[in-house]
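**Student:** What follows is a protein structure lacking sequence information:
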Ligand SMILES: Nc1ncnc2c1ncn2[C@@H]1O[C@H](COP(=O)(O)OP(=O)(O)OP(=O)(O)O)[C@@H](O)[C@H]1O
Ligand SMILES: C[C@@](O)(CCO)CC(=O)[O-]
Ligand SMILES: [Mg+2]
């Protein structure tokens with residue numbers, strides 16, 4: 001029996017970092033997915049290993065079930081229906097399960113993903129043998145929510161196989177979970193994100209689970225229906241960074257300058273709320289569309305300025321801002337910043353020749369550009385009966 005699940009990445013249109021401190025943020029899923037397949041051995045396979053193959057980084061991990069029981073004795077209990085946080089002590093224990101694998105220095109960030117995997121796997125499926133394969137269309141660690149897509153697709157695949165969730169094995173093709181099961185997958189994914197991010201707001205796993213466009217504030221989600229076409233150019237600086245370190249850096253700055261930072265975070269809250277109301281407003285004439293796009297551009301510019309105040313911009317991001325400004329286009333970083341990806345609004349009346357020119361100039365600087373579909377489906381899964 002094999003189950004496959006996939007979950008999308010995301011862009012944050014307004015409010016990253018501030019959302020960790022209780023301000024509102026607006027995010028949309030994008031049409032790039034992470035897929036997880038979990039294959040359980042048939043009863044006569046005599047397989048007693050848990051294998052994790054991370055295709056994107058070319059790493060494979062394998063543990064005997066006896067070793068899993070030794071590291072995580074709690075894995076004999078089935079806690080799939082009640083998500084629990086992995087404590088520091090357990091993280092240290094799980095780290096010992098990684099010692100024998102020589103992870104190259106350049107790929108050390110992957111260790112946190114493997115710890116999240118072991119925590120989610122053993123909490124949801126206990127100590128069953130299985131072969132798990134992960135692959136993604138998303139760039140890893142680039143601000144497009146690869147960690148959330150990883151945790152959501154993994155939680156979805158594991159829950160589909162667990163006793164705690166009732167699913168119809170005869171359904172064909174990709175299907176969505178019911179609302180209750182989506183909530184459960186989202187809560188487990190949040191526990192995984194805590195291991196990778198330290199202090200996540202929950203926005204990334206929420207938009208990856210439910211898809212579409214959302215406003216998110218203090219853990220609560222509001223679904224949004226956009227009444228305008230938002231076409232965003234995504235430019236990857238290819239500068240690697242780590243969300244956990246950037247989020248911690250903003251918290252440190254807030255501790256050093258509490259009053260100034262509180263004003264910055266409050267300003268972002270207003271920007272996100274205004275962003276949400278502009279895209280939801282129902283005025284459709286050409287003039288109105290142009291005005292709405294101008295307001296969005298101004299909000300993006302202000303949000304980027306405040307992200308600079310938080311200390312999460314980067315020289316490569318500033319180069320993209322300057323380059324797109326030459327074409328009167330507005331950009332902001334998306335996700336955690338420090339490198340990663342930048343969004344540029346492509347207004348509806350912008351000639352294709354200008355888009356080609358700006359992309360050409362950005363690519364000449366060594367950046368990678370693409371236009372992704374915004375607001376697609378969230379977590380889905382499918383069963384395949386193996387012969
Ligand atoms: N396909 C994958 N295979 C293995 N590990 C993954 C995969 N996707 C994500 N990860 C884990 O997530 C980490 C990257 O998460 P991080 O939060 O730093 O970046 P991001 O989620 O891409 O960006 P952001 O959080 O800003 O949206 C990787 O180092 C790895 O531990
Ligand atoms: C930087 C941050 O706001 C978004 C990362 O995509 C972190 C979070 O909300 O968990
Ligand atoms: Mg992340």
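**Tutor:** Nice, thanks for sending it over. Remember, it's a predicted structure, so these values are computed and weren't measured experimentally. Ligands and ions are numbered 1, 2, ... in the order given.

**Student:** so where's the chain shaky on pLDDT?
**Tutor:** The chain contains residues with pLDDT under 70 at 78, 385-387.

**Student:** which parts of it sit against ligand 1?
**Tutor:** 34, 54, 56-57, 109-110, 112-113, 134, 136, 140-147, 150, 196-197, 204, 242-243, 335-336, 340 (C-beta under 6 Å from any ligand atom). For glycine as for every other residue, the C-beta is placed from the backbone atoms N, C-alpha and C.

**Student:** ok, and which of these reach ligand 3?
**Tutor:** Among the residues of the chain next to ligand 1, the residues lying close to ligand 3 (C-beta under 5 Å from the ion) are 147, 243.

**Student:** Can I get the buried ones among the residues of the chain next to ligand 1 as something I can paste into PyMOL?
**Tutor:** To isolate the buried members of these in PyMOL, using 16 or more other C-beta atoms under 10 Å:
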select buried, resi 34+54+56+57+109+110+112+113+134+136+140+141+142+143+144+145+146+147+150+196+197+204+242+243+335+336+340
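
**Student:** near ligand 2 too, which of the residues of the chain next to ligand 1?
**Tutor:** 145, 197, 204, 243, 335-336.

**Student:** which residues sit in contact with the residue nearest the centre of the chain?
**Tutor:** Compute the mean C-alpha point of the chain, and by C-alpha atoms, centre = their mean the closest residue is residue 145, 2.2 Å away. Listed by C-beta atoms under 8 Å, 6 or more residues apart in numbering, the contact partners of residue 145 are 8-10, 138, 204, 207-208, 335.

**Student:** ok, 10 Å please
**Tutor:** Going by C-beta atoms under 10 Å, 6 or more residues apart in numbering, residue 145 touches 7-12, 27, 29-30, 32, 34, 138, 151-152, 193, 203-205, 207-208, 243, 334-336.

**Student:** So which residues on the stretch 1-150 of the chain come close to ligand 3?
**Tutor:** So far as C-beta under 5 Å from the ion goes, the stretch 1-150 of the chain lies against ligand 3 at residue 147.

**Student:** closest point of the stretch 1-150 of the chain to ligand 3, which residue?
**Tutor:** Minimum separation of the stretch 1-150 of the chain from ligand 3 (C-beta to the ion) falls at residue 147, amounting to 3.3 Å.

**Student:** Quick one: residues contacting that residue.
**Tutor:** 9, 34, 109, 112-113, 116, 138, 140-141, 189, 192-193, 195-197, 200, 204-205, 208, 243-244, 336.

**Student:** Repeat that for residue 152.
**Tutor:** So residue 152 contacts 5-8, 34, 36, 145, 182, 185-186, 188-190, 192-193, 204-210, 378-379 (C-beta under 10 Å, 6+ apart).

**Student:** Setting the sequence-adjacent residues aside, check what's closest to the residue of the stretch 151-300 of the chain at minimum distance from ligand 3.
**Tutor:** At 4.4 Å from ligand 3, residue 243 is the closest residue in the stretch 151-300 of the chain, using C-beta to the ion. Leaving out its chain neighbours, the residue that sits closest to residue 243 by C-beta to C-beta, 6 or more residues apart in numbering is residue 336, at 4.1 Å.

**Student:** do residue 310 as well
**Tutor:** Residue 310 sits nearest to residue 250 (C-beta to C-beta, 6+ apart), 5.0 Å away.

**Student:** contacting residues around that neighbour?
**Tutor:** Contacts of residue 250 (C-beta under 10 Å, 6+ apart): 16-18, 20-21, 199, 261, 264-265, 307, 309-312, 336-337.

**Student:** Check the offset of the one helix or strand it maps to from the chain's centre.
**Tutor:** Element membership of residue 250, judged by DSSP states H and E, is helix 243-256. How far helix 243-256 lies from its chain's middle: 19 Å, per C-alpha atoms, centre = their mean, to the nearest Å.

**Student:** Stretch 117-134 too?
**Tutor:** 20 Å.

**Student:** ok, now stretch 125-139?
**Tutor:** That offset, for stretch 125-139, works out to 17 Å (C-alpha atoms, centre = their mean).

**Student:** what do you get for stretch 159-169?
**Tutor:** 24 Å.

**Student:** which outside residues touch it?
**Tutor:** In contact with stretch 159-169 (C-beta under 10 Å, 6+ apart) are residues 1-5, 38-40, 78-82, 120, 123-126, 128, 130, 156, 158, 175, 177-178, 180-182, 184-185, 188, 379, 381-383, 385.

**Student:** Counting neighbours, which of those residues end up buried?
**Tutor:** Counted by 16+ other C-beta under 10 Å, the contacts of stretch 159-169 give 2-5, 38-40, 80, 120, 123-126, 128, 130, 156, 158, 177, 181-182, 184-185, 188, 379, 381-383 as buried.

**Student:** Show me where the stretch 101-250 of the chain has its strands.
**Tutor:** For the stretch 101-250 of the chain, applying DSSP state E, counting those that start in this stretch gives strands covering 130-136, 213-217, 220-224, 232-236.

**Student:** Tabulate those in JSON lines, adding columns for distance to residue 365.
**Tutor:** Output for those, formatted as JSON lines (distance: least, C-beta to C-beta, whole Å):
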{"stretch": "strand 130-136", "distance to residue 365": "25"}
{"stretch": "strand 213-217", "distance to residue 365": "30"}
{"stretch": "strand 220-224", "distance to residue 365": "33"}
{"stretch": "strand 232-236", "distance to residue 365": "9"}
